[in-house]
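Visitor: Using only what follows, build the 3D model:
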Amino acid sequence: MIDSLFAVVALLVILAAGFSAYKTRAIEQAYPNIGELTDIGGYRLNAVHLPRPRTADLPTLVFIHGASGNLRDQLAAFAAPLSGRAEMLFVDRPGHGYSERGAAENALPSGQADAIARLMDKRGIKHAIIVGHSFGGAIAAAFGMRHPDKTKGLLFLAPATHPWPGGVDWYYTLAATPVFGWLFTQLFVIPLGLRRVETGTLSIFHPNARPADYIMKTAPELVLRPQTFRNNAIDVVNLFAYVSAHAPRYSEIKAPTIIITGDSDDVVLEELHSRGLARDIAGAELVTIRNLGHKPDYVTTDVAIAAMEQLAGHPRDLQVLAAQAEIRIASLTEKPVESNTVSQAVTTS
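Guide: Below you'll find the predicted structure:
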């Protein structure tokens, strides 16, 4: 009886592992690497680098994606509307997308900020406006503190930068554990996660409408690959202790700073993170947009680009542009979306 039960369990494990391996290959075939891998000292970071055009009127822009994301997320939002205006670098964070993980320090925003700084050196980028969305906001803040000479300005989009109540989702905690986490990611994440891609991406846009082609363009399934999901989980689990220790140091940031946030963000609460940044960074401008969720990069792309222009020295009235965006959002009809976010932690990009 025991032998039969063991045989059944072993067979189920083999089938689950085989399915995960098969789907991992299928996901990579559906969404192949569109960037270029660069050795930055013992491991390779992946990025799409758009060289500076002759018509450029903005400084170099470096884009940092959020949790569960990859470089395609910010690329799809900004590459086309900023075409011909700037050199741009869209980065797969260490252990995400097609970037290699590197050393242990890359499990923290500080290590990832240093990795991006080394990539900038390899690409000949002396300084840039750093744009961080969601989890990428913690990395942008770390970059501003650790590499002020490379920081032309900081743009935070719905950033995660301060301690929060509520913890993180259970599957992140489980996936980050040493032994059971490896088993969980190898056997269960892909079959469970594939069923949640649709609802998960809808929830990060809530209460705004998600673009119909968002999944096709941004490849969120890449995070379901076992090792990538584990890296992502470790990042998220480590974030609370990291921001708790480093948020008191945000006053060290001297670069011009703009924060764009929505008052209806169910993923990262603006009253903790965005208002906290505006309080902690001297001279920072906070732009809060009513009825905007967690994706100002897509829903209010024009306001984000105007913020980049302001950081570059062009006169812009972001508060007026935000008010215009509120009118536009209010005029849009949308299908009601149930939000699946139960904790206030960063659960998606």
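Visitor: switch to C-alpha atoms for all contacts and neighbour counts from now on
Guide: Fine.
Visitor: give the contact list for residue 260.
Guide: By Cα atoms under 8 Å, 6 or more residues apart in numbering, the contact set of residue 260 is 155-158, 274, 286-289, 296, 304.
Visitor: Go ahead and build a PyMOL selection from the buried members of those.
Guide: With 16 or more other Cα atoms under 10 Å as the criterion, this PyMOL line picks the buried residues out of the contacts of residue 260:
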select buried, resi 155+156+157+158+274+286+287+288+289+296+304
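Visitor: Sort out which of the contacts of residue 260 are in strands and list them.
Guide: Among those, the members found in strands (DSSP state E) are 155-157, 286-289.
Visitor: Just put these in CSV and tack on distance to residue 135 and pLDDT.
Guide: As requested, the ones in strands among the contacts of residue 260 are exported to CSV (distance: Cα to Cα, whole Å; pLDDT from 0 to 100):
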residue, distance to residue 135, pLDDT
155, 13, 99
156, 10, 99
157, 10, 98
286, 18, 98
287, 18, 98
288, 18, 98
289, 19, 98
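Visitor: Which of the residues you listed sits closest to residue 211?
Guide: Comparing these against residue 211 with Cα to Cα places residue 157 closest, at 18.0 Å.
Visitor: Now do the same contact list for that closest one.
Guide: Taking Cα under 8 Å, 6+ apart as the criterion, residue 157 is in contact with 131-134, 137, 259-261, 295-297, 304.
Visitor: Residue 243 contacts residue 163, doesn't it?
Guide: Yes: look at residue 243 against residue 163 with Cα atoms under 8 Å: they come within range, at 6.0 Å.
Visitor: low pLDDT regions in the stretch 1-150 of the chain?
Guide: The model of the stretch 1-150 of the chain has pLDDT under 70 over residues 1-13.
Visitor: can you check the stretch 201-349 of the chain too?
Guide: Per-residue confidence for the stretch 201-349 of the chain (pLDDT under 70) gives these ranges: 333-349.
Visitor: now the helices: where do they sit in it?
Guide: Applying DSSP state H, counting those that start in this stretch to the stretch 201-349 of the chain gives helices spanning 214-218, 226-246, 274-280, 296-299, 301-311, 318-331.
Visitor: Next: the stretch 1-150 of the chain.
Guide: 2-30, 71-78, 109-122, 135-146.
Visitor: Let me know which of the ones you listed is the nearest to residue 181.
Guide: helix 2-30 (14.0 Å).
Visitor: can you pull out the strands in the stretch 51-200 of the chain?
Guide: Assignment of strands within the stretch 51-200 of the chain using DSSP state E, counting those that start in this stretch yields the ranges 61-64, 88-91, 128-133, 151-157.
Visitor: could I get those as JSON lines with distance to residue 171?
Guide: What follows is the strands of the stretch 51-200 of the chain, written out as JSON lines (distance: least, Cα to Cα, whole Å):
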{"stretch": "strand 61-64", "distance to residue 171": "24"}
{"stretch": "strand 88-91", "distance to residue 171": "26"}
{"stretch": "strand 128-133", "distance to residue 171": "22"}
{"stretch": "strand 151-157", "distance to residue 171": "25"}
